[in-house]
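J.: Here is a sequence together with a model predicted from it:
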Amino acid sequence: MQLSFEKMPLKLKKVFRVANSSKSIADNVLIKLSHDELTGYGEAAPSEFYGENSQTVIATLNSIKEYFSGILPELTSTTDSVGEKIAGNYAAKAAVSIALYDLIGKRLNLPLHQVLGLTQPLSGSLTSVTIGIDSLPEIQKSVEAAEEFPILKVKLGSENDREIIECIRKITDKPLRIDANEGWCRDEAVEKINWLRGEGVELVEQPLPADEIADTAWVRERVSLPIFADESVKTIHDIPKLANAFDGINIKLMKCGGITAALRMIKAARSPGLSIMLGCFIESSIAITAAAHLSAACDYLDLDGHLFLVDDPFTGLQIKRGRIKLPDSPGIGVIKRE
Ligand code: MG
């Protein structure tokens, strides 16, 4: 196989702000894995929050480029050996995983979800669309622009959380999912979550800082909305310590290192009874569509990262009224826009 890669900076329509970060350009990397006449596409969406950026991704890919030139496309051995050769660097690993699965799907002439033994997303599963932290007039505009989406994921964790919810509730009564991005302390979390319960909220993601697991368990005993981990869960190794503090986990390809890793996490999370949300960073249709092929194995979908881009360089999944339709073409099924 031939591994090639280049930076793929993605400009956002407007600054995307959450409680613990903000960005206007996503520093992503496009990768290609070719064999015979076929090419698999992959993408890294590195996050500074986890110590990665496009330079660390490119340095990692350079370190394994030679290895790929000597091997044939084979899923398990390649995935395992890449895992052994690279420590950390989960976005880089995810990019390789996505490209490898795309290439394997093309060789088998099957869409990725069929390669994985999965179906199109289940009929009741809808993706949310995210409303970032902003001024109230901008939030109003974002909510109105998201009219076709039946579920909103609202970023909180600033001083005016109540005003944000009240502003949204003047416009719509659709179900809300809340993401505090570590923005609350434990007493504040209990008070706000109990208030949010009466505001048509379905669940709350990451109320407290990532390592405050015991305090999150304390909060969970005092509220009745499901609590999901995002920053508290990166890989499969984080799952055992979370089961008493959370009701579910947000799995992202870029955090866990790719498709095989995500499937293993889903399995590991089911046994202590954790629900699964499938999430994303700001990504093009490559990584979003790759993740979407796992939808049928998950309970909640939050696959909207490509909708924030000025120019998505690829086409892939379609979203109509929150419902995801996967491409039927082999592999991930993404096509480069001309
Ligand atoms: Mg989150």
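T.: That came in fine, so what should we check first?
J.: in the chain, what residue is nearest the ion?
T.: Residue nearest to the ion within the chain: residue 230 (3.5 Å; CB to the ion). In short, each C-beta sits where N, CA and C put it, glycine included.
J.: what's near enough to touch that residue?
T.: 179, 181, 205-206, 249-250, 252, 279 (CB atoms under 8 Å, 6 or more residues apart in numbering).
J.: Looking at those, spot the one nearest residue 59.
T.: residue 252 (21.7 Å; CB to CB).
J.: and the nearest residue to the closest one once chain neighbours are set aside, how many neighbours?
T.: Closest residue to residue 252 in three dimensions, ignoring its sequence neighbours and counting by CB to CB, 6 or more residues apart in numbering: residue 279, at 4.8 Å. Residues near residue 279, counting by other CB atoms under 10 Å, number 28.
J.: just residue 215 next, same as before
T.: With other CB under 10 Å as criterion, residue 215 counts 17.
J.: Residue numbering should commence at 31 henceforth.
T.: Let's use 31 as the start, then, which means that last one is residue 245.
J.: what's the helix or strand for residue 62?
T.: strand 51-65 (DSSP states H and E).
J.: so does that strand get close to the ion?
T.: No: Strand 51-65 does not reach the ion (CB under 5 Å from the ion); its nearest approach is 10.6 Å.
J.: quick revisit: just the ones in strands from the contacts of residue 260, please.
T.: If you go by DSSP state E, the contacts of residue 260 have 209, 235, 279-280 in strands.
J.: Just the closest of the residues you listed to residue 184, please.
T.: residue 209 (7.2 Å).
J.: For the nearest residue to that closest one once chain neighbours are set aside, give the beta-bridge partners.
T.: Leaving aside its chain neighbours, residue 209 sits nearest to residue 235 (4.1 Å; criterion: CB to CB, 6+ apart). Here residue 235 sits in beta bridges with residue 209, residue 258, as judged by DSSP bridges.
J.: Can you verify residue 148 is assigned to a helix?
T.: No: under DSSP: H, G, I helix; E, B strand; the rest coil, residue 148 falls outside any helix and is assigned coil.
J.: What residues does the protein have near the ion?
T.: Counting by CB under 5 Å from the ion, the chain sits next to the ion at 209, 235, 260.
J.: From residue 149, how far out is the closest residue to residue 146 other than its chain neighbours?
T.: Of all residues not flanking residue 146 in the chain, residue 323 sits nearest, at 6.6 Å (CB to CB, 6+ apart). Distance, residue 323 to residue 149, using CB to CB, to the nearest Å: 10 Å.
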